[in-house]
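In: What shape does this take:
(one chain, ligands or ions: 1)
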Amino acid sequence: MAKHKKSVLNTDKGTSEEGVTNVESISKLKSKREKKFDAISLANAILNKSITALSKAITLVESKNKKHFNTANAIIQHCLPHANKSLRIGISGIPGAGKSTFIEAFGKHLLLQNKRIAILTIDPTSTISKGSILGDKTRMQELAKNNNVFIRPSPSGDSLGGVAKKTRETILLCEAAGFDIIIIETVGVGQNETAVHSMVDFFMLLQIVGAGDELQGIKRGIIELADAIVINKADGDNIQKAKLAKTEFSNILHFYPEKESGWQPKVFTCSAINNEEIAPIWKMVQDYVKVTSANNYFHLKRQEQNKYWFLQTLEDKLKANFFNNKHIQKELKNQLQLLEDNKTTAFAAAEFLINLKINSD
Ligand code: GDP
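Out: Numbers count the residues shown, from 1 in each chain. Below is the predicted model:
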């Protein structure tokens, strides 16, 4: 109290202004406390399986408004000890492969096993349309109606890393809300699979048979990531072609080096629309969990993923911190001009900017 008085006496400002300043700081403190309280009560509601609270928290996590950042972090911190308990399954495939039809059939099968399922859809390719085309709930109509299913599209982001970071945090929140199975659906366009692979336990590639070469357009790296390849639409006139594709994929997979997981990737055919061969696919996923839990790979992979995301986040934050610095923004232009005029080298210019940043901190 005495200290407080002294600081008031030492100021040149008039009494009324001091009053305002004190009122302002008290109200700031109050709002900070309220925010913390809000975060904790929201987190507790999530732990009590409130879907409304879960949706609100995800909106905060996704928000680009800096004001929401601390609240979102506080919620995640509070939920973290209750996360990590689900099985995370990534499902990728080109548009039209039947991902949502498959997830509908697969999800219904999981519901019969008394599972609660969260389905997160990522579509970083939809930046132009500014909305997630995958997010349309009407695509999984029956699941969307079920209380044990939560469907949430990830908004399109400026970068894949940004979208993936938010999806990871959303996974943790869904786990805290007691969902046993988290399905991450993504459009297969190459780099997306790598991001999804780095946040799931099991990665499934959904394929369809076309005319001719079934492996066309599938990059070697993506096949390497897959724990299973599922050839969908194995019905009607397609059955024979699907069987042939299965043999072709199985042969090819044998040429790949053995996986660190000790798991030999499997190939399946199914008809999502007719609900055929869905149960064996779930059985296979359970086998994967058994094998990788027994050899501890399941746990190690999650640890590695955590480290990967920690380093990735650090890199993103350092970059943003550097390029958002106003001295850097100004000097960057000068250095680019000097480079153009052949008055500096790329190395010297980079060194100059880094030193400038260090000195301006
Ligand atoms: P997504 O873009 O990968 O999510 O694909 P959709 O699930 O929206 O399916 C694309 C189209 O393929 C739709 O017209 C579905 O009805 C159809 N489809 C999906 N699964 C099957 C299947 O197992 N057999 C057949 N014949 N058609 C399917």
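In: going forward, measure contacts between C-alpha atoms and count neighbours the same way
Out: Noted.
In: Which elements pack onto whichever strand or helix holds Glu315?
Out: Element membership for Glu315 (DSSP states H and E) is helix 297-323. In terms of contacts (3 or more C-alpha pairs under 8 Å, 6 or more residues apart in numbering; DSSP states H and E), helix 297-323 is packed against helix 278-294.
In: The helix it packs on and the ligand, any residue contact?
Out: No. Under the criterion of C-alpha under 6 Å from any ligand atom, the ligand is not reached by helix 278-294; the shortest gap measures 10.4 Å.
In: Residues contacting that helix, please?
Out: Under the criterion C-alpha atoms under 8 Å, 6 or more residues apart in numbering, residues 105-106, 109, 202, 261-263, 268, 270-272, 298-299 lie in contact with helix 278-294.
In: and which of these is nearest Ile94?
Out: The closest of the contacts of helix 278-294 to Ile94 turns out to be Ala272 (C-alpha to C-alpha; 15.3 Å).
In: correct me, but that closest one touches Gly107?
Out: No. With contact defined as C-alpha atoms under 8 Å, Ala272 does not count as touching Gly107 (10.9 Å).
In: before we move on, back to that, would you check which pair of the contacts of helix 278-294 lies furthest apart?
Out: Ser271 and His299 (32.4 Å).
In: Contact residues of the chain facing the ligand?
Out: Going by C-alpha under 6 Å from any ligand atom, the residues of the chain near the ligand are 94-101, 232-233, 235, 271-273.
In: And the pLDDT for the closest residue to the ligand within the stretch 51-200 of the chain?
Out: Across the stretch 51-200 of the chain, the shortest distance to the ligand (C-alpha to the nearest ligand atom) belongs to Gly98, at 3.2 Å. At Gly98, the predicted lDDT confidence score is 92.
In: Report the helix or strand with the lowest average pLDDT across the protein.
Out: Of all regular secondary-structure elements in the chain, judged by mean pLDDT, DSSP states H and E, the least confident is helix 2-10 with a mean of 39.
In: Contact partners for the closest residue to Asp180 other than its chain neighbours?
Out: When the adjacent residues along the chain are set aside, Asp180 lies closest to Ser86, with 4.5 Å between them (C-alpha to C-alpha, 6 or more residues apart in numbering). Contacts for Ser86 (C-alpha under 8 Å, 6+ apart) come out as Glu175, Phe179, Asp180, Ile181, Ile182.
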